[in-house]
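> Need the 3D shape of this:
(chains A and B)
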Amino acid sequence: MGKRVGMEVSIAAAEAVKQANVDVISAYPITPQTHIVEHLSEIVANGDLDAEFFCVESEHSALSVCVGAAATGARTFTCTSSQGLALMSEITYIASGLRLPMLMIISNRTLSSPLSIWNDHSDAMSIRDCGWIQFFVENGQEVYDHVFISYRLGENRNVLFPVIINMDGFILSHVIEPFELIEQEKIDQFLPPYQPLHRLHPDHPVTMGAFALPSIFAETKKAQEEALRSSMPKILETWKVFGEMTGRYYHPVETYKTEDADTLLVTMGSCSETASVAVDKMREEGKSVGLVKIRLWRPFPFDDLKKATLHAKQLVVIDRAISVGACGPVASEVKAALYGKDPRPSVYNFVAGISGRDVTPSDFIKMVDKAEIEIEEGNKEGYEIYGVRG
Amino acid sequence: MTENLNVFAVRTLTQKEYFAPGHRSCQGCAEALAVRLVAKALGRNVIIANATGCMEIVSSPLPYTSWRVPWFHVAFENTAAVASGIESALKVLMRKGRIPSKKIVTLAMAGDGGTADIGLQALSGALERGHNFLYICTDNEAYMNTGIQRSSSTPFGASTTTSPVGRVQMGQITWKKNMPAIAAAHNIPYVATACPSYPIDLIQKVKKAADIEGAAYVHILSVCPTGWRSAPELSIKLGRLAVEAGIFPLYEVENGKYHLSIDFPKLKPIKEYIKLQGRFRHLTDDMIEEIEKRVHKEYGQLKEKATKGA
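Alright, predicted model coming up:
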């Protein structure tokens, strides 16, 4: 068992990047991501990591540097939040189209306007369809672990995709948590140096980033789409190998007290821990409530979600982002996953905790109560923004 | 004298082509010629990051490629950042012994829109960080790939599809942005201007720029018959006239010191250059005179810098 220490989550993320022996780091400061790059710059300045570290002039360039470096065969890292992610969104699509493995941690923060530095998932949802493998983690340990998982997975020749770890800004990024650090020898074994299939090098000239006419474009996109879908077994395998190494096993969808539960809360990100406290309380009161946590956002685990919700009568889906003019993005996927089921549970969707507003265990209880009443009264597909004045 | 020698000197160039024939550029495209010469100058030990634009479109229709050297296209505005990534990856991978150590030139290449407009921020960042790379702007003075829209590099008076000649406006109403001066203001070791009408000069500058440790910038005027509304067979002549009239002087800035590559005791009248191009067809004698005054003033300023060696 590795060393157990207390550490700020952003610092632990930076330590993981160091342990992953990353070659090129490129980032631009934005709250609440800054602690990660600050600590990485210290690590490089102290000579504890042999990497090229660049503070570039924008997030757009930060990801562009990573794309150039990854195409040359380097293991690369960047991290951002909110507006920074919005600025680099153009390149997120290109990085996955080019099938370049790399890691980006997003300290999730809301998108303007109004300007706000606080946490929700609206930044991550703005690039939902960019074609990266996307995780939402629940706590600091998961951030640390998924740095290694992401590199090993993305660099697998049967995968070759960039990977995003979404961690809630402030709620995770700025808190001190206990960590079980993994010994370097184990990491080195789990994560050998990156050996690219193709790289930009004069000894084997390749053209990357060619343009496609309509006669071939759709075929290239189909290839990308099928590749991302078929990365699922590799994701499971990587989690399994990691679990065997550390004893910490991860799954695309995880359940908590869902057996025989009539009502299931569905959450993603750090609020899952709070929701589990609420579930405990409701169980104590004799309510038939469980919790389903989504960890893997892309490729979306439709089958796992179906399995996890097999016997439920109703789902209460919590979204941390608004899809203006529609319903919450998580609820959209959940509804799509359940459409073919018969009988099909009702889905009540709350948008909660926008821009860092606290969602406490009692809020989850209130939401479950409200949803149960509404569904009983016939409002089987309700949608509302929770706890807002006016 | 220089000109006569050039005619023979071209034959001494390598016969090898790294930018292969069969690409899709327009007839008389001086940018394709410039790129071909650049590729010859740099040889095989190069990695090219190319911005979106004409050269990307003419050379890389999937599944074909005109490139016999490693070539990478990512987006429009980030070529200097992509090149930064390539250069830093080469550096760190060689340092860590993961690839053999040898000299590989990182070349970033973009048009005037990708350089002076949308790519200026990424370029400035890369020049400031001092990456060991070469940035080449092939300047055809408008967004030709999207259909001849004006850029900040379009010269005063030129008619484009977004600076048209109307009842109250006579083409482009702003003066061409001085990109080499902006690059030089970053205090990088080498800045130069070149034109494929002077192939030996161009090749020598590109080789020099590639050999220099640190960031280098070469700005290449590239005549575009399609956008300039000129005859394809006049591209070489137009490039020469641009230089001879003082509109596009050939010079170098080495460690801050200016040096004119060719100094003309007397500049040719700019009318000789202007009359061959449909984009200037509407210009009145008064406007041509105004342009000429400005050209002479700027040429004088450049000459002064070169004389002082400042």
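> pLDDT weak spots in chain B?
Low-confidence segments of chain B, defined by pLDDT under 70: B:1-8, B:309-310.
> which residue ranges form the helices in it?
Assigned helices in chain B, in chain order: B:2-9, B:30-42, B:54-59, B:79-95, B:112, B:120-129, B:179-184, B:199-211, B:225-228, B:235-244, B:270-274, B:285-308 (criterion: DSSP state H).
> quick one: the strands in the stretch 251-390 of chain A?
Listed in chain order, the strands of the stretch 251-390 of chain A (DSSP state E, counting those that start in this stretch) span A:253-256, A:263-268, A:289-294, A:296-298, A:314-319, A:346-351, A:383-385.
> Can you name the residue of chain A nearest to chain B?
Proximity of chain A to chain B (Cβ to the nearest Cβ) peaks at A:Gly68, 2.6 Å away. C-beta here means a position set from N, CA and C on the backbone, and glycine is covered the same way.
> Double-check that residue against B:Thr79; I have them as touching.
No. Using Cβ atoms under 8 Å, A:Gly68 is not in contact with B:Thr79, being 9.2 Å away.
> and for the two, which residues touch both?
With contacts defined as Cβ atoms under 8 Å, 6 or more residues apart in numbering or on different chains, the residues adjacent to both A:Gly68 and B:Thr79 are B:Ala49.
> Residue 82: what's it in contact with?
No chain specified, so I'll use chain A. Each residue near A:Ser82 by Cβ under 8 Å, 6+ apart is listed here: A:Ile30, A:Asn108, A:Arg109, A:Thr110, A:Leu111, A:Ser112, A:Ile117, A:Asp123, A:Gly169.
> right idea, wrong chain: chain B
A:Ser64, A:Val65, A:Val67, A:Gly68, B:Ala49, B:Phe72, B:Val74, B:Ala108.
> ok, back up a step: any chance of the strands of the stretch 251-390 of chain A in CSV, plus mean pLDDT and distance to chain B?
Listed next are the strands of the stretch 251-390 of chain A as CSV, based on pLDDT from 0 to 100; distance: least, Cβ to the nearest Cβ, whole Å:
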stretch, mean pLDDT, distance to chain B
strand A:253-256, 98, 35
strand A:263-268, 98, 30
strand A:289-294, 98, 31
strand A:296-298, 98, 22
strand A:314-319, 98, 31
strand A:346-351, 98, 33
strand A:383-385, 96, 36
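> Now render these as a markdown table, adding mean neighbour count.
A markdown table is the format used below for the strands of the stretch 251-390 of chain A (neighbours: other Cβ atoms under 10 Å in any protein chain shown):
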| stretch | mean neighbour count |
| --- | --- |
| strand A:253-256 | 19 |
| strand A:263-268 | 27 |
| strand A:289-294 | 25 |
| strand A:296-298 | 23 |
| strand A:314-319 | 26 |
| strand A:346-351 | 24 |
| strand A:383-385 | 15 |
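> need those in TSV with distance to A:Asp304, can you?
Putting the strands of the stretch 251-390 of chain A into TSV (distance: least, Cβ to Cβ, whole Å) gives the following:
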stretch	distance to A:Asp304
strand A:253-256	4
strand A:263-268	12
strand A:289-294	9
strand A:296-298	8
strand A:314-319	14
strand A:346-351	17
strand A:383-385	24
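> Please name the nearest non-neighbouring residue to the residue of the stretch 51-200 of chain B found nearest chain A.
Closest approach of the stretch 51-200 of chain B to chain A (Cβ to the nearest Cβ) occurs at B:Gly85, with a separation of 2.6 Å. In space, and not counting its chain neighbours, B:Gly85 is closest to A:Gly68: 2.6 Å by Cβ to Cβ, 6 or more residues apart in numbering or on different chains.
> which helices and strands does the strand or helix carrying the one you found pack with?
Per DSSP states H and E, A:Gly68 falls inside helix A:59-71. Where contact means 3 or more Cβ pairs under 8 Å, 6 or more residues apart in numbering or on different chains; DSSP states H and E, helix A:59-71 is packed against strand A:24-27, strand A:52-55, strand A:76-80, helix A:82-97, helix B:79-95, helix B:120-129.
> As JSON lines, the ones you listed with distance to B:Arg167 would be great.
Listed next are these as JSON lines, based on distance: least, Cβ to Cβ, whole Å:
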{"stretch": "strand A:24-27", "distance to B:Arg167": "50"}
{"stretch": "strand A:52-55", "distance to B:Arg167": "50"}
{"stretch": "strand A:76-80", "distance to B:Arg167": "48"}
{"stretch": "helix A:82-97", "distance to B:Arg167": "38"}
{"stretch": "helix B:79-95", "distance to B:Arg167": "39"}
{"stretch": "helix B:120-129", "distance to B:Arg167": "33"}
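> closest to A:Phe179 out of the ones you listed?
strand A:76-80 (17.9 Å; Cβ to Cβ).
> Just the residues contacting that closest one, thanks.
Residues outside strand A:76-80 that contact it (Cβ under 8 Å, 6+ apart): A:13, A:17, A:20, A:22-28, A:30, A:33, A:36-37, A:40, A:59, A:62-63, A:65-66, A:69-70, A:88, A:102-107, B:85, B:89.
> Repeat that for stretch A:170-186.
For stretch A:170-186, contacts defined as Cβ under 8 Å, 6+ apart pick out A:1-10, A:12, A:15, A:19, A:32-33, A:35-36, A:107, A:118-119, A:137, A:139-141, A:143-144, A:148, A:167, A:245-246, A:248, A:270, A:356.
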